[in-house]
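Undergrad: Next one to model:
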Amino acid sequence: MKTHAIIFLMLMIGFNALAQTSKTTSKPKTKTTVSKSTKTRQTTTKTQQSAAIPDDAYYFKDNNNKTASISTAYKTIVVTGDGNHIDIGDGNGVIFVKGKNNDINMKTADYIEVTGDGNFVSWEASKSPTGKPVILDKGGYNNVGKRASGALNKSDN
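TA: Numbering: from 1, shown residues only. Now for the predicted structure:
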């Protein structure tokens with residue numbers, strides 16, 4: 001029985017040594033290709049630039065967890081307040097969300113830019129040719145998307 005164990009141990013050492021030498025002695029496989037002409041193609045990356053906020057924009061600056069409805073008289077709205085629930089009527093196409101933890105529902109949207117954190121921004125329709133607004137989310141933990149009928153608000157979750 002001892003002889004079987006010694007033979008087995010010697011075979012294992014021999015196989016291990018053989019495996020180690022085959023790893024170190026094998027040459028890496030390389031493939032050499034020769035091309036007759038070299039073509040380079042320049043690629044460009046599209047990055048969406050922030051839109052400028054117009055002078056006649058409406059600023060919503062409340063920080064007191066308020067519920068508000070904003071009329072359709074303003075084409076551009078800037079939300080700098082925190083923790084609010086805001087319903088925006090039809091006709092507003094551009095919104096900038098710089099505050100935190102806001103729940104914003106828009107009827108129509110063509111451009112949405114979010115630089116704050118933890119915001120919930122939904123839109124129902126867009127007048128843009130693609131049927132979707134341009135969305136720029138530069139903040140963190142934001143949820144921006146199309147609102148389905150009967151969808152919950154952030155506070156309902």
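Undergrad: any low-confidence regions in the protein?
TA: Scanning the chain with the threshold set as pLDDT under 70 gives 1-2, 5, 14-48, 72, 149-157.
Undergrad: is it true that Ile13 lies in a helix?
TA: Yes: counting by DSSP: H, G, I helix; E, B strand; the rest coil, Ile13 is part of a helix.
Undergrad: so how far is Ile7 from it?
TA: 11 Å (CB to CB, to the nearest Å). For glycine as for every other residue, the C-beta is placed from the backbone atoms N, C-alpha and C.
Undergrad: Check Ser71 too.
TA: To Ile7, Ser71 is 92 Å away according to CB to CB.
Undergrad: do the same with Gly99
TA: 77 Å.
Undergrad: More neighbours: those two, which one.
TA: Taking neighbours as other CB atoms under 10 Å, Gly99 and Ile7 compare with Gly99 leading, 26 against 10.
Undergrad: contacting residues for the more buried one?
TA: Asn63, Val79, Thr80, Gly81, Asp82, Gly83, Asn84, Gly116, Asn119 (CB atoms under 8 Å, 6 or more residues apart in numbering).
Undergrad: which SS class is it?
TA: Look at Gly99: counting by three-state DSSP, its state is coil.
Undergrad: Also Ile95?
TA: Classification of Ile95 by three-state DSSP places it in strand.
Undergrad: Would you mind confirming that it makes contact with Ala109?
TA: Yes: using CB atoms under 8 Å, Ile95 is in contact with Ala109, at 6.6 Å.
Undergrad: Pull out the buried members of the contacts of Gly99.
TA: Buried by 16 or more other CB atoms under 10 Å: Val79, Thr80, Gly81, Asp82, Asn84, Gly116, Asn119, out of those.
Undergrad: which among those residues gets closest to Asn143?
TA: The nearest member of the buried ones among the contacts of Gly99 to Asn143, counting by CB to CB, is Asn119 at 7.4 Å.
Undergrad: Report the contact partners of that closest one.
TA: By CB under 8 Å, 6+ apart, Asn119 lies in contact with Val97, Gly99, Lys100, Asn101, Asn102, Asp103, Ile104, Gly139, Asn142, Asn143, Val144.
Undergrad: same thing but at 7 Å, please
TA: By CB atoms under 7 Å, 6 or more residues apart in numbering, Asn119 lies in contact with Val97, Lys100, Asn101, Asn102, Ile104, Gly139, Asn142.
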